[in-house]
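Student: Sharing a sequence plus its predicted fold:
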Amino acid sequence: MRIDAHQHYWQLRRGDYGWLTPAQGTLYRDFMPADLAADCAGCAVTATVLVQAAPSEAETRFLFEIARQSPCVAGVVGWVDFEASDVRRRIERLVRDGAGKLKGLRPMVQDIDDPLWLDRASLDAAFEALIEQGLRFDALVKPQHLDALTRRLRRYPKLQAVLDHCGKPDIAQGTLEPWGGRIDALARGTTACCKLSGLLSEAAAGADIEQLMPFVRRAFDAFGAERILWGSDWPVLTARGTYAYWLQMALECVKRLAPDAEADVFGGNAVRFYDLAVGHC
């Protein structure tokens, strides 16, 4: 059982992907289930977690429709306005409309300049609703947001959370600190998990495994293999390499760092974290 814990679909005509412009080059086109099917089959990926790419509830419902039609989508991580005055009601409606497919929510914190945004009291109701509804929190952050993320999660020890893309370290510049110390504190002070995903996007073009290994090793040292979930971050990944290339690189990383944990990192941990009922692509 191999599960991709982080992938996206998008359709340009929807018009709610503010970040997705012609400047994104090869990413500026539709990416839908038919585009990923061959990669999943070739890499023996049997299920995926479909993650939001636009800050709108409408896109989340679009993902629900894809999930209903695509047996390999085991769960959806959607979006809601965490500061909305009626956020509890909004989350309840998304849970209802997801019909069991909604597994978590993800604000796009990486696009928020304020490194203390996650400290705001205006977010409390949203985090309380996540716990009430049994949803997970996907933390899409940059290193400058990690301290506030740690404080937020320590305030809500019952909240299940995962750090997307290892917290987006600056691999291109080889900068381990302060990112490394901050993920150490996050892992030590909370029960958060971490996604082994998105790292090629943070590296220089053409980067190989040796450029990534210091960062992957730091993540494994911090969280332990039992709290690491592999994801492709497809199709963002395609700007740096193929699906199979990243999978093989990740497999080699795990072989070096935690050879007995391959089944967990590439499947079991995702099933447990997101409470997935796994189908087949």
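Tutor: Arrived safely, thanks for sending.

Student: can we go C-alpha only for contacts and neighbour counts from here?
Tutor: Fine.

Student: Could you check how many residues crowd around residue 163?
Tutor: Close neighbours of residue 163, defined as other Cα atoms under 10 Å, add up to 25.

Student: Test my guess that it contacts residue 194.
Tutor: Yes. The pair residue 163 / residue 194 is scored as a contact, 4.5 Å apart, by Cα atoms under 8 Å.

Student: Could I get the phi/psi values of residue 176?
Tutor: Reported as degrees, to the nearest 10, the phi and psi values for residue 176 are phi -80, psi -30.

Student: and the gap between it and residue 193?
Tutor: 19 Å (Cα to Cα, to the nearest Å).

Student: When those two are compared, which one has more neighbours?
Tutor: The neighbour comparison of residue 176 against residue 193 (other Cα under 10 Å) goes to residue 193, with 25 against 14.

Student: what comes into contact with stretch 51-61?
Tutor: 6-10, 16-18, 63, 76-81, 94, 97-98, 106-108 (Cα atoms under 8 Å, 6 or more residues apart in numbering).

Student: And for stretch 109-122?
Tutor: 82-83, 139-142, 144-145, 148-149, 151-152.

Student: and it, which residues are buried?
Tutor: 109-110, 115, 118-119 (16 or more other Cα atoms under 10 Å).

Student: low-scoring stretches of this structure, by residue?
Tutor: 279-281 (pLDDT under 70).

Student: the strands in it, which residues?
Tutor: 3-7, 47-51, 73-78, 102-105, 136-139, 161-163, 193-196, 228-230 (DSSP state E).

Student: Next, format the ones you listed as JSON lines and append distance to residue 242.
Tutor: Compiled in JSON lines, these are given as follows (distance: least, Cα to Cα, whole Å):
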{"stretch": "strand 3-7", "distance to residue 242": "13"}
{"stretch": "strand 47-51", "distance to residue 242": "17"}
{"stretch": "strand 73-78", "distance to residue 242": "20"}
{"stretch": "strand 102-105", "distance to residue 242": "27"}
{"stretch": "strand 136-139", "distance to residue 242": "24"}
{"stretch": "strand 161-163", "distance to residue 242": "23"}
{"stretch": "strand 193-196", "distance to residue 242": "16"}
{"stretch": "strand 228-230", "distance to residue 242": "15"}
